[in-house]
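Q: when you get a sec, could you give me coordinates for this:
(chains A and B)
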Amino acid sequence: MASVGLELERHGSRRQQLVVVGLGILALSLALAELALGPVKMSSAQLWGGLTGSGDFLDINIIWQIRLPRLTLGIAVGMALALAGTALQGMLRNPLADPGLIGITAGASIGAVSAIVLGRLIAPELPVLLQTALLPLAAFVGATLVMACVFTLSRRGGETSVAMLILIGIAINTIAGALIGVLVYVADDQALRDLTFWSMGGLGHAGWPVVIMALGLALAMAPLFWRQARGLDLFQLGERQAFHTGLNVESSKRTLAFAAALSVGAVTAAAGPIGFIGLVAPHLARLLVGHAHRWVLPASALLGVSLVLAADLAVRLAIAPQEPPIGIATSLIGGPFFLWLLTRRLRSSSHA
Amino acid sequence: MLEAKALSLSKGGKTLLSNIDLCLRPGELLAVLGPNGAGKSSLMNCLSGAERDICGQVVMDGHTPAALDAASLARQRAVLEQTPRISAPFSVEELIQLGAPRALPANEVAELSEQAIALLSLGALRYRCVPYLSGGEQHRTHMARVMVQLWAGQRLGGGRYLLIDEPTSSLDLQHQITVLRAARQAAAQGCGVLAILHDLTLAASVAHRILLLKDGRVIADGRPQEVLTRQRLEALYGLPVRVETGDVLTVTPDYARCWAAA
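A: Residues are numbered from 1 along each chain as shown, chains lettered A, B, ... in the order given. I've put the predicted structure just below:
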């Protein structure tokens, strides 16, 4: 990785620009593939007709009712998880921080499952807009609570301890599993059905209102992350030196934690728990564009989108027309990647 | 002017600084000396605004540093910590440019980083990854970053103070001079420079004024020749020392007596 970083600088920022443009093209082609491929394959003419509404009735329906919401949600999930992962890794100076591993996704899941199971009791009383918002809102509250808890517990003498963070993540994932188990136990049949689909994690189960909400929140949080690009660079100096260099450390952390909790909450509510995107995307991004966050953030967002869309395509096309949950694909790629990172880190720290 | 008035600091029931009065004037290089644990770094953190729970007052050109926001404070003063570090494998050039605030246009950032690379003779290391450099090289890179922050502050109407904590501790002879030359140059351009040092002879040769600290108290403050006397240093360090005043003032432990006692 060092030699890559070394190579990059010599070419100035031109290379980073090219990489980001290339990743944009990759994400775009995967997006088109996501629309065109499936049990019903579409030519570019059919695709155009379906999108603009001038084509065949069936094509229009497939595009607008099935594939476009799926694609939109995929973009939201990829972008939100990748940006949240980049922010957490940067802020905590810890390459293993991932919304899933440290328990943020689990927190969002508790919120979402509570909303599904308990929300049925109160939902009929609520206005329609709030009914749609209930799930993401509950997920956000869950994610925020866990984030606050994780950050408080893992701080030792002003520094966030790496090992503690991971261990707390394990504990929180366990507790979340138990709580969700309790909720499943008390859920009625309809809630159980909703819950089962949701907890497998997938892009295909959400309707337009939820999808729009997820994308809207993911897009709204993106500028918050972007404005912290220099802050994330400065965090690498340690918190005190970052302050000395002009960073308002506490407000920067609050902004990043808020943006991460809200975007992870929103997409987890809509798509269920999808692991490892937040871990893998920032790492690949840094391999490609170096460590300056003004490049890592856009590259990571585009890679996150590409990974999610590629995983979704893979699971959909592998055993069409069956649709195994996308979480399986991301965990199959992400799990071994995490192990590799862990061993590499252990090896380098035992040498130091 | 950067002033401390009746400054005290306690942490966890332990008094780190008590009743310190200090004044750092523009254009002056003040060396802070004292044994380990005398409170030198704590003093620097109070002056830099990083330490907020202080008794007494710190005043920087009429403002309280701890009350200013981080960005405007960073425009007024630059700080080199005792053990600067970086977690991400930035290149030397990238790390140096981290010192420049966002308000400065990119071409000026590039210009300042060139200047800092030249001043701290980092030209050959420019594209190297900082974590793979030797300790001394890393330290010089961080010093270059701090100089960029200071100069950037000057372009934005600040850049008044430079606070450096043991800037020479991990450097070879040549680069001790390189780094302190940068500090002297800053003072010559009108900055108030506070440097925490351990080498008494080096401090005597580079500083306009010396402040001696012991157990969080000021025990002497004045010109090097006045402050660095044999009686005072022997009491301070608990060690026989030799002070020679010739062209340059040199302070060394009286090695013969040190080893004879052992």
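Q: residue in chain B nearest to chain A?
A: Closest residue of chain B to chain A, Cβ to the nearest Cβ: B:Ala74 (3.0 Å). Yep, even glycine has a C-beta here, placed from its N, CA and C like the rest.
Q: ok, for that residue, nearest residue in space, not its chain neighbours?
A: Closest residue to B:Ala74 in three dimensions, ignoring its sequence neighbours and counting by Cβ to Cβ, 6 or more residues apart in numbering or on different chains: A:Gly246, at 3.0 Å.
Q: for chain A, which spans come out with low pLDDT?
A: For chain A, applying pLDDT under 70 flags the ranges A:1-12, A:123-132, A:156-162, A:320, A:345-352.
Q: in contact with the residue in it positioned nearest to chain B, which residues?
A: Distance from chain B to each residue of chain A (Cβ to the nearest Cβ) is smallest for A:Gly246, at 3.0 Å. A:Gly246 makes contacts with A:Leu234, B:Ala70, B:Ala71, B:Leu73, B:Ala74, B:Arg75, B:Pro101, B:Gln149, as judged by Cβ atoms under 8 Å, 6 or more residues apart in numbering or on different chains.
Q: any of these buried? List them.
A: A:Leu234, B:Ala70, B:Leu73, B:Ala74, B:Arg75, B:Pro101, B:Gln149 (16 or more other Cβ atoms under 10 Å in any protein chain shown).
Q: got TSV for these, with distance to B:Tyr132 too?
A: What follows is the buried ones among the contacts of A:Gly246, written out as TSV (distance: Cβ to Cβ, whole Å):
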residue	distance to B:Tyr132
A:Leu234	21
B:Ala70	30
B:Leu73	32
B:Ala74	28
B:Arg75	32
B:Pro101	27
B:Gln149	24
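Q: how many neighbouring residues does residue 122 have?
A: Just so you know, I chose chain A. Neighbour count of A:Ile122, defined by other Cβ atoms under 10 Å in any protein chain shown: 12.
Q: please go with chain B instead
A: B:Leu122: 22 neighbours (other Cβ under 10 Å).
Q: ok, now which ones touch B:Val148?
A: Neighbours of B:Val148 in contact, by Cβ under 8 Å, 6+ apart: B:Ile96, B:Gln97, B:Gly99, B:Ala100, B:Val109, B:Leu112, B:Ser113, B:Gln115, B:Ala116.
Q: ditto for B:Asp254
A: Contacts of B:Asp254 by Cβ under 8 Å, 6+ apart are B:Leu239, B:Pro240, B:Val241, B:Arg242.
Q: near chain B, which residues of the stretch 251-352 of chain A?
A: A:Gly290, A:His291, A:Ala292 (Cβ under 8 Å from any Cβ of the partner chain).
Q: A:Val296 sits in which helix or strand?
A: Secondary structure from DSSP states H and E places A:Val296 in helix A:293-318.
Q: just checking, next helix/strand downstream of that helix?
A: helix A:326-351.
Q: what is that next one packed up against?
A: helix A:277-289, helix A:293-318 (3 or more Cβ pairs under 8 Å, 6 or more residues apart in numbering or on different chains; DSSP states H and E).
Q: got the buried residues for the longest one?
A: Neighbour counts over helix A:293-318 (16+ other Cβ under 10 Å) mark A:293, A:295-316 as buried.
Q: distance of the residue minimising distance to the centre of chain A relative to B:Asp215?
A: Closest to where the C-alpha atoms of chain A average out (Cα atoms, centre = their mean) is A:Leu81, at 1.6 Å. From A:Leu81 across to B:Asp215, the span is 53 Å (Cβ to Cβ, to the nearest Å).
Q: thinking again about what came up before, who wins for neighbours among the residues of the stretch 251-352 of chain A next to chain B?
A: Neighbour-wise, these (other Cβ under 10 Å) top out at A:Gly290, 27 neighbours.
Q: ramachandran angles for it?
A: phi 90, psi -160 (degrees, to the nearest 10).
Q: tell me where the model's unsure across the stretch 101-250 of chain B.
A: Using pLDDT under 70, nothing in the stretch 101-250 of chain B is flagged.
Q: in it, which spans are helices?
A: Remark: helices assigned in the stretch 101-250 of chain B by DSSP state H, counting those that start in this stretch are B:106-119, B:135-155, B:173-188, B:200-206, B:224-227, B:230-237.
Q: show residues contacting the helix or strand hosting the residue of chain B closest to chain A.
A: B:Ala74 is part of helix B:70-76, with elements assigned from DSSP H and E. Contact partners of helix B:70-76, identified using Cβ under 8 Å, 6+ apart, comprise A:243-249, B:48-49, B:60-61, B:65, B:68, B:101, B:149, B:152-153, B:156-161.
Q: what secondary structure does A:Asp194 sit in?
A: Three-state assignment for A:Asp194 (DSSP: H, G, I helix; E, B strand; the rest coil): helix.
Q: for the nearest residue in space to it that is not next to it in sequence, give its distance to A:Val296.
A: Nearest non-adjacent residue to A:Asp194, counting by Cβ to Cβ, 6+ apart: A:Ile116, 5.1 Å away. According to Cβ to Cβ, A:Ile116 and A:Val296 sit 35 Å apart.
Q: repeat that for A:Thr72.
A: 25 Å.
Q: that older thread, just want the angle from whichever strand or helix holds the residue nearest to A:Asp194 to helix A:277-289.
A: Assigned by DSSP H and E, A:Ile116 belongs to helix A:104-122. Per axes from the mean of the first three to the mean of the last three Cα atoms, to 10 degrees, the angle that helix A:104-122 makes with helix A:277-289 is 140 degrees.
Q: secondary structure class for B:Leu16?
A: Under the three-state scheme (three-state DSSP), B:Leu16 adopts strand.
Q: okay, now it: neighbour count?
A: 20.
Q: contacts only, for it.
A: B:Leu16 is in contact with B:Leu9, B:Ser10, B:Gly39, B:Ser42, B:Gly216, counting by Cβ under 8 Å, 6+ apart.
Q: thinking again about what came up before, where does the residue nearest to the centre of chain A land in three-state SS?
A: At A:Leu81, secondary structure determined by three-state DSSP is helix.
Q: for it, list the residues it contacts.
A: So A:Leu81 contacts A:Pro99, A:Ser263, A:Val264, A:Val267, A:Ile274, A:Ile277, A:Gly278, A:Ala281, A:Gly304, A:Val308 (Cβ under 8 Å, 6+ apart).
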